[in-house]
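In: give me coordinates for this.
(2 chains)
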Amino acid sequence: MKPAGAFDDQRRAFRGGIAAAFRMPVWVVSASMMGFGSLARDSGVSFGVAVVSTATVWGLPGQIAFVELFAVGAPVLAIVLASSMANLRFLPMSISMLPLFRADKAAWRWRYLFAAMMSVNTWAMTLRFAPGMPEQHRAPYFIGLSATCMTVGVLGTGLGYYLAGTFPFYITVSLIFLNIMYFTFLFASVRQRNCLLALLFGAALGPLFHLISPEWGLPFCGVIAGTAAFLIDQRLGRRHG
Amino acid sequence: MDSATLWGTWELWGVLGLVSLATYVWRFAGATIAAHIDPDGAMFQWFSCLAYGMLAGLISRIILLPVGILDETPLIDRLAALAAGFLIFAAFKRQILPGMISAVGVFGVLAALRDFGVL
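Out: Model (predicted):
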């Protein structure tokens, strides 16, 4: 893979984002959103709501919580809280991605739109490749990447919904599992030391904290794992890699 | 598809609106705070660590203690798939694709075998 930082102009950076999306993310996004579409239909959620939720919620754990709790007839407040907590990660994610766009004055005005377009996928790729790009190429790259993923995600949801029922259980469940495994190995390939430490601590603490409190386990896990990783990395000094 | 399947009830759209808003809250709060963060500073690194810690916690919780559809598969299948994935991932010099494909392959085959009543 050629270094993503090497674009000649903004138009090429935008196209580079689209090309990056087609290397792997779109296949994973379309497959996992097909899984979600199929799940949504089984849960009794309408086609329109399933497809629009991919564009507006744009975070699979929150969407899954939404349709599964809806299917069992949970109270509205419980559905909203559960899916919101499942998507809490977007808070530290947007804080740690958007500053990369700040030097580009034209792009910075669109930061709320960028926050809405961000997924774990596009966040991780932007965090890895954007710092090596000139500031004015970062936003076009991110927009090309994210818009492609969103489009494919919405189409995948519709297709999965349409095809639901023709899928046996093991296909639907494998499509959902694919998404989880993609993120597992996307993160396992992270090389920055403080992030790797945070991943290890988080993976160990996540299930434990969930047992203590299903609602508040995740934010506590993020704060404790992340802060410990940050401090230990600082203590170890500047020997990255 | 009939119109109820296609469109659904107003109540359902209302719930979707609330769920979407409840997600936008986090995204937009992040965008507001981001204005005060220097991308070369320690705070930026700290928030990246928080995000990675939270994501790793979420994913490991989904693998070990899933709710919903994944909960209908045995834990041993998910762990076997994960182990196979990491083995191949390590063998292929930490490339994402071989690791992911072997993990999902193992999981899919196990799930299919159980579906067919072989396991």
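In: tell me which helix or strand in chain B has the weakest average pLDDT.
Out: helix B:3-6 (a mean of 87; mean pLDDT, DSSP states H and E).
In: what is that helix packed up against?
Out: helix A:47-56 (3 or more Cβ pairs under 8 Å, 6 or more residues apart in numbering or on different chains; DSSP states H and E). Any C-beta I mention is one placed from the backbone N, CA and C, and that applies to glycine too.
In: just give me how far stretch A:202-210 sits from the chain centre.
Out: 19 Å (Cα atoms, centre = their mean, to the nearest Å).
In: run through who's touching it.
Out: A:216-218, A:220-222, A:224-226, B:52-61, B:64-65 (Cβ atoms under 8 Å, 6 or more residues apart in numbering or on different chains).
In: give me the buried subset of these.
Out: Buried members of the contacts of stretch A:202-210, scored by 16 or more other Cβ atoms under 10 Å in any protein chain shown, are A:217-218, A:220-222, A:224-226, B:52-61, B:64-65.
In: now, those residues that are in helices?
Out: A:217-218, A:220-222, A:224-226, B:52-61, B:64 (DSSP state H).
In: in chain A, which spans are strands?
Out: Assigned strands in chain A: none (criterion: DSSP state E).
In: for it, what are the low-confidence residue spans?
Out: Along chain A, the model assigns pLDDT under 70 to residues A:1-5, A:238-241.
In: before we move on, back to that, tell me which residues of the least confident helix or strand of chain B are tucked away?
Out: Result for helix B:3-6 [16+ other Cβ under 10 Å]: no buried residues.
In: can I get it in PDB? Just the C-alpha atoms.
Out: This file holds the C-alpha atoms of helix B:3-6, laid out as PDB (Å, rounded to 0.1, in the frame of the first residue of the first chain):
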ATOM      1  CA  SER B   3     -46.300  -0.300   3.200                       C
ATOM      2  CA  ALA B   4     -46.100  -1.200   6.900                       C
ATOM      3  CA  THR B   5     -42.900  -3.100   6.300                       C
ATOM      4  CA  LEU B   6     -41.600  -0.400   4.000                       C
END
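In: packing partners for whatever helix or strand comes next after it?
Out: Going down the chain from helix B:3-6, the next helix or strand is helix B:10-34, by DSSP states H and E. The contact analysis (3+ Cβ pairs under 8 Å, 6+ apart) places helix B:10-34 against helix A:47-56, helix A:60-71, helix A:76-86, helix A:90-97, helix A:111-117.
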